[in-house]
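Undergrad: sharing a model that was predicted from the sequence below.
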Amino acid sequence: MNPDNLSESIHARVAVASGISEASVRAVLALDADGATVPFIARYRREATGGMDEVQVRAILKLAGDIADFDSRRKSILESLAERGLLTDDLKAMVMSADTRARLEDVYQPYRPKRRTRASMAVERGLRPLADRILAQPMTGDPAAEAVAFVNPEKGVEDAEAALAGARDIVAEAVSDSPEVRQYARKVMLDSGKVVSRVAPKVKAAGEPTPYEQYYEFSQAVVSIPSHRFLAVRRGANEGVLKMTLDVDEPVIMSRILTLARLNRRSPWSGQLETACVDAFGRLLFPAMENEVFGLLGGHCEREASEIFAGNLKDLLMSPPYGAKAVVGIDPGIRTGCKVAAVAATGAFVESTLIFPDRNPAQAGTELLRMVKRVSAAAVAVGNGTWGREAAAFARKVLTGAGMGDVMVVPVSESGASVYSASDVARDEFPDLDLTVRGAISIARRLQDPLAELVKVEPRSLGVGQYQHDVDPALLAARLDEVVEDCVNAVGVDLNTASAPLLSRVAGIGPALSKAIVKWRETAGPFAQRSQLLKVPRLGPATFTQCAGFLRIRDARNPLDSSAVHPERYGVVAEMARDLGRSVAELVGNAGLVSSINLSKYVDKGNEDAVDRLGMPTLVDIAAELTRPGRDPRSSFEAPAFKDDVREIEDLEVGMVLEGIVTNVAAFGAFVDIGVHQDGLVHVSELSDSFVRNPSDVVRTGQKVVVKVKEVDARRRRISLTMKGLRDVSRGDGE
């Protein structure tokens, strides 16, 4: 590496680290530098990237960012050392050869500007030469006798022992700062250390129950502790309930430290060095390394927890939509009544009312039927919170009694609905409506299109995370935003009906432009073609290129405007149609015609190095889109079926086989809604007859499953479920 140009090999270094060709890496970084979004790069620049998906593209960008940050840190260290006159050729070589951030910081540690320490004060008292004698381990000399020469009461060195103590402080810091010592200690602590937690004395004395009782006497290896356990222990320690420490084999580490410090047992100075090394480990090295190991472990666990949350969120957002059909939404309640809202097939709010099924069932039934008939609703969506099962049963009874049994009654998760109701987004949408009515509207819309409605809610409020409150907010928010972006762009957005929050998630648009699009739509009327987007203020050609392929116009004059074919490829589709002697409209949706196209004929030959080159990957995508234009990647909707006679936890019996919906997947298992207000837990060991390492390999959020009740603890509101022996009758993913 050329030290004068730290970034010159970034493409090659990313390629080596990722195992991806340097040409593909270079293309991704160039597109990113030009302002291209991840969804656009992954979907419409497949030739340039070698067919990377969104996950791979983001991995390349993150890796490049990490390398750039590493180079920047190395550069700042070199500048700091040079400014202080400490940069020698040997030290520069050590800095340049450091290949990890930890190694780089270890090299810099002895030269890092520090606050005053016991060692620095000892240096000020003139004890460096005595410390050098200890470090040198000579075969001659008498430490006590030589220390007399350093006695200086004016500087605080009262006697020979004080001089030796100060010298040992200097030695201890030198040993603790040694790159080799730190590297060894870190490795041993990571490889063989154990996370230990004990109940705090004051908590034990109080005798009150806490959520952390299982961790009062806990120990597990750093290399094997699951993320949820470490995060729980860390939270308990932060709350003062637990004391968390790192248990290590101190004798083994001390033996190696003494070797690295070059202890010579035959030297008269060996006792001084050994005492200093013991002090170095206990006072300086261990606390620093313990914090570092817990920091590294915490970072790993936080990333793992955020990935679990991300996977659950993706499954939730990609839940099958009921579709563009009118729906009546019910936000159930007992004391305050059930809020009922009717929405049209487009999701537009029509009317709301308030009913009290428990106090006045006749009137409530009449009102509910009126609302259903008002919009010719195909379904009634009922929030699954308190009194949700009772409200759903009431609605089902009323509809059946009126001869309208074909109108489905569907339980809908209301997680985050109250957050949405009080949000700025909800106030902008329905400034004149009560919060409870907004909630009922949201419940109805969640059935119609979960993705379109749930993007309005801050992801952390959707109840599908694991220890999300213990994860760095910035890390979690960034990861969840990526998931929302990917889901929205994978499905596509109806340009004429999408809300501003939904449009803001489309590649290249953002909050400001989304509002501008909605305003233009309200003023000029529905978009008739994609090219009209260029008339929206501040939406220029570059943004159009990024977003156009992900926006759909239903029943557009140009049928390609309702597909995922990018406008930049309309010309090649027109050429395909001409070559077949047909119009574009005749080609779109005609699988037979599309299959007869010789795609290789349209490859952009002689332009292999261009990032926008048209090759077979994109042509195959175009052919698939022409076969099924505007296809929705989500599964088909299928309503869950809970047992009518199982509504409360008290109704459960061990051995019952029930159908349920997976509401959350964690590292230790899956939570399943079986219709009794309290989700049951299928522990990872109960998910399958075979061994399961990762629950998400077996189940996903929103999946229909068949479970058996294993144990019920009504007092603690805990339900244990099993799927063993039942996988063959699982409803799978609803397909």
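TA: Sure, I can see it.

Undergrad: so residue 245 sits in a strand?
TA: Yes - membership of residue 245 in a strand is supported by DSSP: H, G, I helix; E, B strand; the rest coil.

Undergrad: which one is it nearest to, not counting chain neighbours?
TA: residue 196 (5.1 Å; CB to CB, 6 or more residues apart in numbering). (C-beta placed from N, C-alpha, C; glycine too.)

Undergrad: mean confidence for the helix or strand hosting that neighbour?
TA: Using DSSP states H and E, residue 196 sits within strand 194-199. Strand 194-199 shows a mean pLDDT of 98.

Undergrad: same deal with stretch 581-588?
TA: So the average pLDDT for stretch 581-588 ends up being 94.

Undergrad: now stretch 702-717
TA: Stretch 702-717 comes out with an average pLDDT of 88.

Undergrad: ok, stretch 660-678 next?
TA: 85.

Undergrad: buried sites along it?
TA: Buried residues in stretch 660-678, counting neighbours by 16 or more other CB atoms under 10 Å, are found at 660-667, 669-678.

Undergrad: give me the contacts around the helix or strand just after the strand holding residue 196.
TA: Per DSSP H and E, the first helix or strand lying C-terminal to strand 194-199 is helix 201-206. Contacts with helix 201-206, where a contact means CB atoms under 8 Å, 6 or more residues apart in numbering, come from 210, 216, 240-241.

Undergrad: and helix 201-206, how far out from the chain's middle?
TA: 36 Å (CA atoms, centre = their mean, to the nearest Å).

Undergrad: helices of the stretch 401-550 of the chain, start to end?
TA: 417-421, 424-429, 435-448, 450-454, 473-491, 500-503, 510-524, 541-547 (DSSP state H, counting those that start in this stretch).

Undergrad: buried stuff in the last one?
TA: Across helix 541-547, burial judged by 16+ other CB under 10 Å covers 543-547.

Undergrad: which helices and strands does it pack with?
TA: Judged by 3 or more CB pairs under 8 Å, 6 or more residues apart in numbering; DSSP states H and E, helix 541-547 has no packing partners among the helices and strands.

Undergrad: try the third one
TA: Packing contacts for helix 435-448, counted by 3+ CB pairs under 8 Å, 6+ apart, involve strand 327-331, strand 338-343, strand 349-355, strand 379-383, strand 408-412, helix 417-421, helix 424-429, helix 450-454.

Undergrad: related to what we said a few turns ago, nearest to residue 293 among the buried residues of helix 541-547?
TA: Closest approach between the buried residues of helix 541-547 and residue 293, by CB to CB: residue 546, at 42.7 Å.

Undergrad: quick one, the helix or strand containing residue 362 and strand 327-331 angle?
TA: If you go by DSSP H and E, residue 362 is part of helix 361-375. Put simply, helix 361-375 runs at 140 degrees to strand 327-331, going by axes from the mean of the first three to the mean of the last three CA atoms, to 10 degrees.

Undergrad: after whichever strand or helix holds residue 61 comes which helix or strand?
TA: Using DSSP H and E, residue 61 falls within helix 54-83. Next helix or strand after helix 54-83 toward the C-terminus (DSSP H and E): helix 89-97.

Undergrad: outside of that next one, which residues touch it?
TA: 1, 3, 74, 77-78, 81, 104, 107-108, 111, 179.

Undergrad: ok, stretch 407-414 next?
TA: By CB under 8 Å, 6+ apart, the list of residues contacting stretch 407-414 from outside reads 322, 329, 331, 372, 377-385, 388-389, 392, 395-396, 399, 439, 443, 446-447, 463, 639-640, 642, 663, 673, 675.

Undergrad: and for stretch 312-325?
TA: 345-346, 377-379, 410, 447-451, 454-455, 459, 462, 464-465, 480, 483-484, 486-487, 490-491, 632-638, 664-665, 700-703, 734.

Undergrad: go again with 7 Å.
TA: Contact with stretch 312-325 is made by 345-346, 378-379, 447-451, 454, 459, 462, 464-465, 480, 483-484, 487, 634-638, 664-665, 700-702, 734, as judged by CB atoms under 7 Å, 6 or more residues apart in numbering.

Undergrad: now do stretch 491-498
TA: Taking CB under 7 Å, 6+ apart as the rule, stretch 491-498 contacts 346-347, 451-452, 502-503, 506, 521, 526-527, 550-554, 564, 630, 632-634.

Undergrad: quick one, strands of the stretch 101-250 of the chain?
TA: With DSSP state E, counting those that start in this stretch as the criterion, the stretch 101-250 of the chain has strands at 194-199, 217-221, 242-247.

Undergrad: tell me which of those approaches residue 145 most closely.
TA: Closest among the strands of the stretch 101-250 of the chain, once you apply CB to CB, is strand 242-247, at 40.7 Å.

Undergrad: by contact count, what packs against the closest one?
TA: Applying 3 or more CB pairs under 7 Å, 6 or more residues apart in numbering; DSSP states H and E, one finds that strand 242-247 makes contact with strand 194-199, helix 227-238, helix 286-317.

Undergrad: in a markdown table: those, plus distance to residue 515 and mean neighbour count.
TA: Below are the helices and strands packed on strand 242-247 laid out as a markdown table (distance: least, CB to CB, whole Å; neighbours: other CB atoms under 10 Å):
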| stretch | distance to residue 515 | mean neighbour count |
| --- | --- | --- |
| strand 194-199 | 48 | 20 |
| helix 227-238 | 38 | 21 |
| helix 286-317 | 22 | 19 |
